[in-house]
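*Asks:* Structural data only, the sequence is not supplied:
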DNA sequence: GATAAATTACTGACCGTTCAGTCATTATTT
DNA sequence: AAATAATGACTGAACGGTCAGTAATTTATC
């Protein structure tokens, strides 16, 4: 881990006031996601960010403040990007839904942001305010965007008249599952399906159904 | 919390060698699920089980051993019950699938067992062996059972020829989501749908699809 | 442009607290 | 009274947070 192929030379401390907060937040998100809040040592975060423990306290008041900041700064840009996709209303609803799902996967699932849902599941009991914030500012907005896509589909006569909010939650479950699942069972990689294949199949099932419709379909 | 409406009387210590392990395991599962492994104090578990800290060490070697035992003893009976449902092969495949989903929800989601998935998501990084065990002994078996139900549906010409294992994972996502979600955002209960309504809608969407099939359906 | 003075980002030894695990003692059962 | 279940004060290690000290950088002076 700390063994390089070159001899470890103690770098002189560089002063980079501007870059520190972002570096600390990124390091914090990684380590918190890996170990959880309580099991994370502040010194690990500091080391990963290339500074000493004391430096963390120049930029953040406490471990808890760093935790909250790491989650919030990570998610806010993501939700805005996700909403943008839903407004691209040219395509047929089914296609829009598909690109929404894949957009969400690319933006969250494949990046370090994917750590946030896992972290929230783990720590909601210890940080109910963070859970509430996330629910109101991120989940609600994402569901609304997705529900709008579905409502458009219904309006246009492409979809059955289902409850859009409920359907949105259902469409989200495969995304949520694959994001959390991959990070939880990363070691058991052998058994896990390719995320694209999984999500593609999930969208297809949700739109077309598993059942072979009778010839004289209603 | 520890304030009752009756005055707290110090009960004399009763000796109940037989009942202790199960009581400790149940208490441990609760507290671990609520706070996570690192943030849980052994004394909290002991208190909830109605004993003192020292007693825990009469029955378990360490905090870690208690953690592993709590997860394993909780899940083993559950997976066996779940497999039993899948073998009840009389009904049409779609109905079998529906009762499998609801059976899983009743057996896991509504009981203290629902804590286990959440706990695993939270702690897989710190306990990779437990994650691997869970993946092999629980998830794989559950997926196999569900895949068998789907394969039967395909054989009988009720379902399209989809990949059963992949479809099984997809069917599991709403169950996984609702179980983990409810426990994560229990406080934000206002926005959450009724689990039965959610799961019913999910199964319907997965079997029948969202899209209105053309009259001359293939 | 060189040197000194002032500033401040950064460090890491230290302190106080918390908690897993121990064990001498007490309480209960047989 | 022998056996053993249960207790809780105690110990040692780990870690969040502090702060006196160090050194990189900027500003002031000649």
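*Replies:* Sure, I can see it. All values derive from a computational prediction rather than experimental measurement.

*Asks:* hmm, the helix or strand harbouring residue A:121 touching DNA strand D?
*Replies:* For residue A:121, the host element (DSSP states H and E) is helix A:115-123. No. Judged by Cβ under 7 Å from any atom of the strand, helix A:115-123 stays clear of DNA strand D, getting no closer than 13.9 Å. Glycine gets a C-beta too; all of them are placed from N, C-alpha and C.

*Asks:* Can you name every helix or strand that that helix contacts?
*Replies:* helix A:20-35, helix A:63-86, helix A:128-134, helix A:164-184, helix B:115-123, helix B:164-184 (3 or more Cβ pairs under 8 Å, 6 or more residues apart in numbering or on different chains; DSSP states H and E).

*Asks:* The ones you listed into CSV, with extra columns for distance to DNA strand C and mean neighbour count?
*Replies:* Below are the helices and strands packed on helix A:115-123 laid out as CSV (distance: least, Cβ to the nearest atom of the strand, whole Å; neighbours: other Cβ atoms under 10 Å in any protein chain shown):
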stretch, distance to DNA strand C, mean neighbour count
helix A:20-35, 5, 20
helix A:63-86, 12, 17
helix A:128-134, 18, 17
helix A:164-184, 23, 23
helix B:115-123, 14, 24
helix B:164-184, 22, 23
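
*Asks:* Let me have those helices in CSV, extended by mean pLDDT.
*Replies:* As requested, the helices and strands packed on helix A:115-123 are exported to CSV (pLDDT from 0 to 100):
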stretch, mean pLDDT
helix A:20-35, 96
helix A:63-86, 90
helix A:128-134, 95
helix A:164-184, 95
helix B:115-123, 96
helix B:164-184, 95
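
*Asks:* In JSON lines: those, plus distance to residue B:46.
*Replies:* Output for those, formatted as JSON lines (distance: least, Cβ to Cβ, whole Å):
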{"stretch": "helix A:20-35", "distance to residue B:46": "25"}
{"stretch": "helix A:63-86", "distance to residue B:46": "27"}
{"stretch": "helix A:128-134", "distance to residue B:46": "25"}
{"stretch": "helix A:164-184", "distance to residue B:46": "29"}
{"stretch": "helix B:115-123", "distance to residue B:46": "18"}
{"stretch": "helix B:164-184", "distance to residue B:46": "23"}
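
*Asks:* thinking again about what came up before, could you figure out how far the helix holding residue A:121 is turned away from helix B:115-123?
*Replies:* 130 degrees (axes from the mean of the first three to the mean of the last three Cα atoms, to 10 degrees).

*Asks:* outside of helix A:115-123, which residues touch it?
*Replies:* The contact list for helix A:115-123 (Cβ atoms under 8 Å, 6 or more residues apart in numbering or on different chains) reads A:29-30, A:32-33, A:36-37, A:67, A:71, A:74-75, A:108, A:130-131, A:134, A:176, A:179-180, A:183-184, B:36, B:118, B:121-123, B:180, B:184.

*Asks:* go again using 6 Å as the cut-off
*Replies:* Contacts to helix A:115-123, defined as Cβ atoms under 6 Å, 6 or more residues apart in numbering or on different chains, come from residues A:29, A:32-33, A:36-37, A:71, A:74-75, A:134, A:179-180, A:183, B:36, B:118, B:121-122, B:180, B:184.
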